[in-house]
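>>> Sharing a model that was predicted from the sequence below.
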2 protein chains.
Amino acid sequence: MPRAGLDPAAVVEAGAALADEVGLAGLTMGLLAERLGVRTPSLYKHVGGQEDLTRRIAALALGQAADAVGGATQGYAGRDALAAAARAFRAFVLAHPGRYAATIGMEPAGPDDPLATEGLRLLDAFTAVLRGYEVAGPDVDHALRMLRSLCHGFATLQSAGAFQWSADIDESFEWLIAFADRGLRAGGG
Amino acid sequence: MPRAGLDPAAVVEAGAALADEVGLAGLTMGLLAERLGVRTPSLYKHVGGQEDLTRRIAALALGQAADAVGGATQGYAGRDALAAAARAFRAFVLAHPGRYAATIGMEPAGPDDPLATEGLRLLDAFTAVLRGYEVAGPDVDHALRMLRSLCHGFATLQSAGAFQWSADIDESFEWLIAFADRGLRAGGG
DNA sequence: GCTTTTGGCTAACGGAATTAGCCGGAGCTG
DNA sequence: CAGCTCCGGCTAATTCCGTTAGCCAAAAGC
C-alpha cells in the first residue's frame, strides 16, 4: 500500500475546497478521505478531528480573505479603497462559501491561535480602509464593527440565498458601498 | 404509559427553547425527547424529522422577530423607529440565538411556506421604518437589504462572540444606528 | 361499548465520528 | 547494506444520532 503523501496542510486545503463544493454541513470525514484517496481513520494522523479540521479551515479562510482584501485595496484610498475592500470580501465569500462558513462562531483559543492571528490580519485590512476617512479615536472601533457587520451580513445573507425578491443584488451592493462611504464621510468623527 | 399530550407546536416550541440553550448544533432529537419526557421516536409523530423541525423553528423565530420589531416601532417614526427596530431585532437574536440560527440559509419551499410568510412579515416591519425616510423606488429594496445586512451581521457576529476587543458593544450598536440614520437621511433618495 | 385513530413504545438499521491496535515502507545509523 | 525506528497507512470495533418498522394502549367518535 503506497503512501498518499498527505500532511496537515494538504488535508486542510482539500477540506476547505470540499466545503466550498458541498457546503460546510456536507463536509464529512468520510467524504474528505475518499477525495484524498485514503480511508477515513487515516485523516486522524494529520488533524485532531472534525472540530480541529474546521478550526484550521476557518484560519485558512481568514488568512485568504485578509490577503484578498489587503491586496485589493493596495494603492487606493477613501471611497475607492472602501469599494475595493467590500467587493473583494464579498467575492471571496461567494467564491468560498464553505470555508467562510467555517469561520462563523469560531472563537480563538488564545492570542497565539492562528484563528486570532489571521482574524487580526483581516481586521487590519479593513482598518487601513478607514485611514482614508476622518475617523479617529473610539469611532474607529465602531466603524470597524459597522463595516464588518455590513460586509459579513450582506455576504452571508446572499450566500445563504436570502435576497430573493426583485432588485439586482450587485446593484444593491454598490448602493451599500455608496451608503457606507457617505456615512463615513458625513459624520465619522 | 400515560400520554404526554404533545403536539407539533409544543415540540417546535420546546425545540426552539432548547436550541437557544445549547446552540442549534447541539439540538439533538434525543435531547429534545428527553426534555419532553418522551422517547426519541415519539417525536416523529409530530414533526417529520430534524430538517422539518429546524424549518418550523425557523418559521417560529421569524414570526417572533417580526412581532418584536413590529411591536417596538409602533408609534415611532424616523430615527426613533429605526432605533427601536434595530434594538428590538438585536435583542431578539441575543435572547434567542438558537432559533435565529435556524433561519440562516433556510429557503422557503413555496409562497405558502410559513417560512416565506413570516419572513415577509419581518421584512414588512423594516419596510415600515423606511417610510419615515425619503427613500423611494428601487432604493427601498437596496435600503432594506442594507438594514437587514447590518442588523443580521451585527447580531450574529456578537452572538458568535466576535467583537472581542476593546470598545463597548452596546455603544457600537448605538453608533451604528446613528450611522444608518445619517446615511438614510443624507442620500437615501 | 366497539371501533378507529392517535400517540406512545421497543427494536433495529445505517451512517458518521472516533479510537485501538496492527503493519509495511521510508529514512536514518552503523 | 542490514537493521532500527517512526510515520502514515490500514482494519476492526465502539458510540452516538437520525430514522423506520411495527406493536399496543389510550383517547375519541359512532
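Thanks, I have the structure now.
>>> Give me the mean pLDDT for the longest helix belonging to chain A.
Assignment by DSSP state H gives helix A:50-73 as the longest helix of chain A. In this model, helix A:50-73 has an average pLDDT of 98.
>>> ok, stretch A:38-52 near chain B or not?
No - on the criterion CB under 8 Å from any CB of the partner chain, stretch A:38-52 is out of touch with chain B, staying 10.8 Å away. All C-beta spots, glycine's among them, are computed from the backbone N, C-alpha and C.
>>> before we move on, the earlier item: can you tell if the longest helix of chain A touches DNA strand D?
No - judged by CB under 7 Å from any atom of the strand, helix A:50-73 and DNA strand D are separated, with a smallest distance of 12.9 Å.
>>> Dump the C-alpha coordinates for that helix into PDB.
Only the C-alpha atoms of helix A:50-73 are listed here, as PDB (Å, rounded to 0.1, in the frame of the first residue of the first chain):
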ATOM      1  CA  GLN A  50     -13.600  17.400  12.800                       C
ATOM      2  CA  GLU A  51     -13.500  20.300  15.100                       C
ATOM      3  CA  ASP A  52      -9.800  20.800  14.700                       C
ATOM      4  CA  LEU A  53     -10.300  20.500  10.900                       C
ATOM      5  CA  THR A  54     -13.000  23.100  10.900                       C
ATOM      6  CA  ARG A  55     -10.800  25.500  13.000                       C
ATOM      7  CA  ARG A  56      -7.900  25.100  10.600                       C
ATOM      8  CA  ILE A  57     -10.200  25.700   7.600                       C
ATOM      9  CA  ALA A  58     -11.500  28.800   9.300                       C
ATOM     10  CA  ALA A  59      -8.000  30.100   9.900                       C
ATOM     11  CA  LEU A  60      -7.100  29.400   6.300                       C
ATOM     12  CA  ALA A  61     -10.200  31.200   5.100                       C
ATOM     13  CA  LEU A  62      -9.500  34.200   7.300                       C
ATOM     14  CA  GLY A  63      -6.000  34.400   6.000                       C
ATOM     15  CA  GLN A  64      -7.100  34.200   2.400                       C
ATOM     16  CA  ALA A  65      -9.800  36.800   3.000                       C
ATOM     17  CA  ALA A  66      -7.200  39.100   4.600                       C
ATOM     18  CA  ASP A  67      -4.900  38.600   1.600                       C
ATOM     19  CA  ALA A  68      -7.800  39.300  -0.900                       C
ATOM     20  CA  VAL A  69      -9.000  42.400   0.900                       C
ATOM     21  CA  GLY A  70      -5.500  43.700   1.600                       C
ATOM     22  CA  GLY A  71      -4.400  43.100  -1.900                       C
ATOM     23  CA  ALA A  72      -7.400  44.700  -3.500                       C
ATOM     24  CA  THR A  73      -7.000  47.900  -1.600                       C
END
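>>> Tell me how many other residues crowd A:Glu160.
In this structure residue A:160 is Ala, not Glu. Residues lying near A:Ala160 (other CB atoms under 10 Å in any protein chain shown) number 16.
>>> unless I'm mixing things up, it is touching B:Thr103, no?
No - look at A:Ala160 against B:Thr103 with CB atoms under 8 Å: they stay out of range, at 9.2 Å.
>>> Is the longest helix of chain A positioned near DNA strand C?
Yes - on the criterion CB under 7 Å from any atom of the strand, helix A:50-73 is in touch with DNA strand C at A:50-51.
>>> Just the buried positions in that helix, please.
Under the neighbour-count criterion of 16 or more other CB atoms under 10 Å in any protein chain shown, helix A:50-73 has A:53-70, A:72-73 buried.
>>> Assign the closest residue to A:Gly110 other than its chain neighbours to helix, strand or coil.
Spatial nearest neighbour of A:Gly110, chain neighbours left out: A:Ala116 (7.1 Å); criterion: CB to CB, 6 or more residues apart in numbering or on different chains. At A:Ala116 the chain is in helix, as set by DSSP: H, G, I helix; E, B strand; the rest coil.
>>> and A:Ser166, what are its phi and psi?
Torsion angles at A:Ser166 (phi, psi; degrees, to the nearest 10) stand at phi -30, psi -80.
>>> repeat for A:Val38
The phi/psi pair for A:Val38 (degrees, to the nearest 10) is phi -150, psi 160.
>>> what's the neighbour count on it?
A:Val38, neighbours per other CB under 10 Å, totals 17.
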